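> Turn this into a structure:
(2 chains)
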Amino acid sequence: MDGRDDLSICDSVGAKSMNLLKNILLLFMLGIVGGAFALPNEKRSDPSGSVASISSTERDAQWRLEGERRYRANCGRCHQAPHKLPPRAMAMAIRHMRVRAMLTDDDMKYILYYMTR
Amino acid sequence: MSKIGIIAVVCLAATVVSAAQDAPPLEVDPDPAPVLSGYLAFVPTWDSGNPTLVSIISPVVLVPLSRDFVVESRASFEGDFQQRNGNSGDFTGAIEKSLDYAEIDYIGNRYVTLTAGRFLTPFNIFNERLYPNWIRNTQTDPLIFPIGTGSDNGAMVRGGISVENDLNVNYTFYFSTLSTGKYFESERHAGARVSLFLPVERLEIGMSTQHVLQGTRVNRYGFHFQWQPARPPFEVRSEVAYSREEGKGLWAEGAYRFRSSPSPELSRLQVVARTQVFRLGTLPGSNPDLPSTDMKRTEFGANYYLTDGWKALASYGRTFTSAGDSNIWTVGMTYRFVIPLVPSQ
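So this is what the prediction gives:
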């Protein structure tokens, strides 16, 4: 398993456990990949429908506040505040950081909202 | 149940779990546009009294193919210029060129991103997130950095899941093929990393594992920790790497930024301390980038953020080995740039 000589017995219980582990890992990965294609990106819809009880100004303030909180929690952990970029450039940078810094989808959208307004 | 049946159930379960999460709150983001980014660094280093003029240019190109497909690449041009006679004579040296990553990312859905091509090995966090000189708090590489890191040629699936806004679970699985081509070197291995991030506490812990599928087929394990309290401008980072054959070690770093100082000049200052240890494994020399002997090193430094992009730095460290102790000094500047490649709207 990890290069040790004493784990080369194919019929051992350890080998079966290893196979089981491999199968579970394989299934988990397939599940994730399957989920990626089974669940398409959510279509862009009017977000006001879910928060109809508050005004757009209040909603904007809430989103920016949440965006700032997530920005400080995520981006500020590794580096200083970036330049103020045009919205389309920031939309590119945030996708890059989603991959590089493991941002969640919600983090990405809130931070982008905060950084472009 | 057949294997296909089990796979179908797991796929369905993954989809249901994904669909059960809240919908994205924002749907108003603009279309992404190409960006040229990167950094410059000039960090002269005196190790055991011998100076090395470390000069680095590292451009990053980000190109969107659509809202969900992104191509990104980073190259590095580094010149480590040393004096011909150790500490006398003129400086000379070659420019080392490397392609750190050239990958295509597909944002599959809220929880899954697929990556193919050449990518940074997701082992611990330093390689992916802290490596650029304008980001790192201490300029020298950690002693354990060569364990499990570098660049891979292959594919990767990764993502993050928010649990009630106070816990993020991040995962990465990857596979890399063997490549010996110039600028495209990679090792045949497979690995995974899982981390938990508490955004309120700003605390992250994670584990990495990697199994080499060539040569001595070693296993490598990593553990990382990062904490940045919300109020005091203090941060702690640490990594552990273990390979029975190659070696093992850890580093821990604390940094304090005088952000709350009433003096604007002082608020730009950050002081940092890092200590680290490395122990040889059962096959010394199997990883030629690691130290050739057991080693400890402790460093103290200061970073001064002149503007958004410029950083001045200086540090002093002491290296302890069985062969003798030595000093290591650094002083220099880094500059980070971001250039949109299309006119602002």
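
> Secondary structure element holding residue B:296?
Following DSSP states H and E, one finds residue B:296 within strand B:295-305.

> Show me which residues of that strand are buried.
Under the neighbour-count criterion of 16 or more other C-beta atoms under 10 Å in any protein chain shown, strand B:295-305 has B:295, B:296, B:297, B:299, B:301, B:303, B:305 buried. The C-beta positions use only the backbone N, C-alpha and C, and glycine is treated the same way.

> ok now that strand, how far from the chain's centre?
18 Å (C-alpha atoms, centre = their mean, to the nearest Å).

> I would like the residues contacting that strand, please.
Residues from elsewhere that reach strand B:295-305, judged by C-beta atoms under 8 Å, 6 or more residues apart in numbering or on different chains: A:80, B:137-140, B:143, B:255, B:268-278, B:311-321, B:328, B:330.

> cool, stretch A:98-112 as well?
A:63, A:66-67, A:70-71, A:74-75, A:78, A:90-91, A:94-95, A:97, B:22, B:24-27, B:29, B:70, B:72, B:105, B:107, B:109-111, B:113, B:115, B:128-129, B:158, B:160-162, B:168, B:170, B:172, B:195, B:197.

> so what secondary structure elements neighbour the helix or strand harbouring residue B:333?
Per DSSP H and E, residue B:333 falls inside strand B:324-340. If contacts are counted by 3 or more C-beta pairs under 8 Å, 6 or more residues apart in numbering or on different chains; DSSP states H and E, strand B:324-340 sits against helix A:87-100, strand B:35-47, strand B:295-305, strand B:310-321.

> tell me the most buried of the ones you listed?
Across the helices and strands packed on strand B:324-340, averaging neighbours per residue (mean count of other C-beta atoms under 10 Å in any protein chain shown) puts helix A:87-100 on top, at a mean of 23.

> Following element in sequence after it, please.
helix A:105-115.

> Which residue, neighbours along the chain excluded, lies closest to residue B:98?
The shortest distance from residue B:98 to any non-neighbouring residue, by C-beta to C-beta, 6 or more residues apart in numbering or on different chains, is to residue B:76 (4.8 Å).

> Can you give the strand pairings for the strand holding residue B:333, parallel or anti for each?
strand B:35-47 (antiparallel), strand B:310-321 (antiparallel) (DSSP bridges).

> Turn the ones you listed into TSV, including mean pLDDT.
Shown next, in TSV, are those (pLDDT from 0 to 100):
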stretch	mean pLDDT
strand B:35-47	95
strand B:310-321	96
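
> What's the local residue count around residue B:166?
Residue B:166 has 11 neighbours, counted by other C-beta atoms under 10 Å in any protein chain shown.

> just checking, it touches residue B:199?
Yes: counting by C-beta atoms under 8 Å, residue B:166 touches residue B:199, with 6.6 Å between them.

> now chain A, which segments are flagged as low pLDDT?
A:1-54, A:82-83 (pLDDT under 70).

> Secondary structure of residue B:136: a helix, I assume?
No: counting by DSSP: H, G, I helix; E, B strand; the rest coil, residue B:136 is not part of a helix but coil.

> buried set for stretch B:80-99?
Applying 16+ other C-beta under 10 Å to stretch B:80-99 flags B:81, B:82, B:83, B:93, B:98 as buried.

> Residue B:97 falls within a strand, correct?
Yes: assignment of residue B:97 by three-state DSSP places it within a strand.

> With adjacent residues omitted, what lies nearest to it?
The shortest distance from residue B:97 to any non-neighbouring residue, by C-beta to C-beta, 6+ apart, is to residue B:77 (5.6 Å).
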